[in-house]
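Asks: here's my sequence, what's the structure:
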Amino acid sequence: MKVLVTGATGLVGLFSAVQCLRDGYSVRVLVRDADKFARCLAPFNVSAGHFDIALGDITEAQTLAPALAGCNALIHCAGIFSDRLQDAERLQRINVQACRDVLEAAAAQGLDPIIHVSSYLALFPPAGKVQTADDRVAQPSSMYARTKAAAEHIARNLQDAGAPLVTVYPGSVQGPHDPTFSIGSQLLADAIRSGRYLVTEGGRSFTDVRDLAHLLSNLLQPGRGARRIMCGGYYLSYDEQRALLERVSGRTIKAQRIPGPLLRLMGSAGDLASRVTGRSFALTREAAEVLTRSVPCDDRPGLADPGYPLVGVEQSFQDLVDWMREAGKLPRA
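Replies: Numbering: from 1, shown residues only. Next comes the predicted model:
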């Protein structure tokens with residue numbers, strides 16, 4: 001089987017492309033910069049020559065048909081995150097319009113399966129005490145979450161039309177050798193540097209990118225039809241997160257305790273200030289809702305018995321912190 005992987009210079013796409021190669025698949029990557037992709041591969045002891053490289057851009061629809069030609073399956077990982085107001089159009093172009101073009105082109109060419117990496121935020125807030133892959137699509141207000149929800153509608157419409165589209169919903173994805181140094185990892189690094197960690201009500205789900213890449217590779221099975229699968233990973237309360245980060249970093253990290261209602265009020269104040277000033281603020285009402293009202297994910301269809309060893313939450317955080325130190329993102333211990 002030959003699989004096309006988009007977003008292969010980002011964290012999820014890079015690990016997924018390498019894992020698929022290790023699992024014996026023929027892997028084509030759609031990238032804008034072949035040299036950048038080669039540099040991203042350095043930690044994996046595999047060269048770019050092991051991949052079929054298609055040069056192009058998912059926002060340029062004319063490059064999609066040649067990239068998909070000859071492929072049997074697709075893993076669509078490409079996407080961006082931003083909370084800056086000036087990036088609103090770019091988010092829409094990449095996370096929604098290009099996503100529609102990629103998924104529809106794959107369906108038109110008869111690929112099976114077509115795997116779409118979404119986000120648990122597309123289904124937030126959860127319908128119950130456990131978030132499931134069949135929760136309804138959200139109506140979020142933040143720029144990023146709006147684009148993930150819009151992409152989710154596109155994916156579900158294709159599923160309803162009979163496309164063999166598999167949607168996967170990770171939590172906050174993290175891992176070593178992150179070519180983009182994702183926002184979640186940045187926040188953990190900030191906590192270690194400052195010695196302070198936000199502790200509030202609820203908790204968060206952390207998905208190790210290696211677990212996710214294994215799952216995506218395992219899903220490359222044709223003939224199974226449309227499916228939706230949660231991959232939330234490891235759900236930890238904020239006290240558990242702080243204690244774990246303290247253990248793996250060897251640094252004292254104090255709890256910065258803010259009650260959930262107050263944090264949500266602060267988020268509402270940030271929204272008001274944003275409307276008045278035209279500036280974006282990291283703590284929005286919706287961000288505060290996500291921080292305080294996230295719940296564990298039902299990962300049983302994908303991760304309960306995956307057929308490969310899961311990384312484990314302690315090892316996930318340890319490997320991330322070790323890599324951040326090696327990469328100069330954090331001072332060495």
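Asks: which parts of stretch 198-212 are buried?
Replies: Neighbour-count burial for stretch 198-212 flags 198-200, 202-212 (criterion: 16 or more other Cβ atoms under 10 Å). Backbone N, C-alpha and C define where each C-beta goes, glycine included.
Asks: spatially, which two of those are the most separated?
Replies: Pairwise distances across those peak at 28.4 Å for 200 and 210 (criterion: Cβ to Cβ).
Asks: residue closest to the middle of the chain?
Replies: Nearest to the mean C-alpha position of the chain, by Cα atoms, centre = their mean, lies residue 173 at 5.1 Å.
Asks: pretty sure that residue sits against residue 183.
Replies: No: contact criterion Cβ atoms under 8 Å: residue 173 and residue 183 do not qualify, at 10.2 Å.
Asks: now the residue lying farthest from the centre of the chain: how far from residue 268?
Replies: Relative to the mean C-alpha coordinate of the chain, counting by Cα atoms, centre = their mean, the farthest residue is residue 276 (31.5 Å). Here residue 276 is placed at a distance of 13 Å from residue 268 (Cβ to Cβ, to the nearest Å).
Asks: ditto for residue 283
Replies: Distance, residue 283 to residue 268, by Cβ to Cβ: 10 Å.
Asks: and if you look at residue 140?
Replies: 15 Å.
Asks: what of residue 135?
Replies: Counting by Cβ to Cβ - residue 135 and residue 268 are separated by 24 Å.
Asks: between those two, who's got more neighbours?
Replies: Neighbours per residue (other Cβ atoms under 10 Å) separate residue 135 from residue 268, with residue 135 holding more: 21 against 14.
Asks: helix/strand/coil for the residue farthest from the centre of the chain?
Replies: helix (DSSP: H, G, I helix; E, B strand; the rest coil).
Asks: the one 5 residues further on too?
Replies: The three-state label for residue 281, taken from three-state DSSP, comes out as coil.
Asks: contact partners for it?
Replies: 270, 271, 273, 274 (Cβ atoms under 8 Å, 6 or more residues apart in numbering).
Asks: which one is residue 88 nearest to, not counting chain neighbours?
Replies: residue 143 (5.3 Å; Cβ to Cβ, 6 or more residues apart in numbering).
Asks: swap in residue 124?
Replies: Leaving out its chain neighbours, the residue that sits closest to residue 124 by Cβ to Cβ, 6+ apart is residue 138, at 5.3 Å.
Asks: what secondary structure does the one you found sit in?
Replies: At residue 138 the chain is in coil, as set by three-state DSSP.
Asks: let me see the contact set for it.
Replies: Counting by Cβ under 8 Å, 6+ apart, residue 138 makes contact with 121, 122, 123, 124, 125, 145, 149.
Asks: I'd like to know which of these are buried.
Replies: Buried members of the contacts of residue 138, scored by 16+ other Cβ under 10 Å, are 121, 122, 123, 124, 125, 145, 149.
Asks: which strand or helix spans residue 28?
Replies: Assigning secondary structure by DSSP states H and E places residue 28 in strand 26-31.
Asks: my bad, should have said residue 88
Replies: Assessed by DSSP H and E, residue 88 sits inside helix 88-91.
Asks: who does that helix touch, helix- and strand-wise?
Replies: For helix 88-91, the contact count by 3 or more Cβ pairs under 8 Å, 6 or more residues apart in numbering; DSSP states H and E identifies helix 143-160 as packing neighbours.
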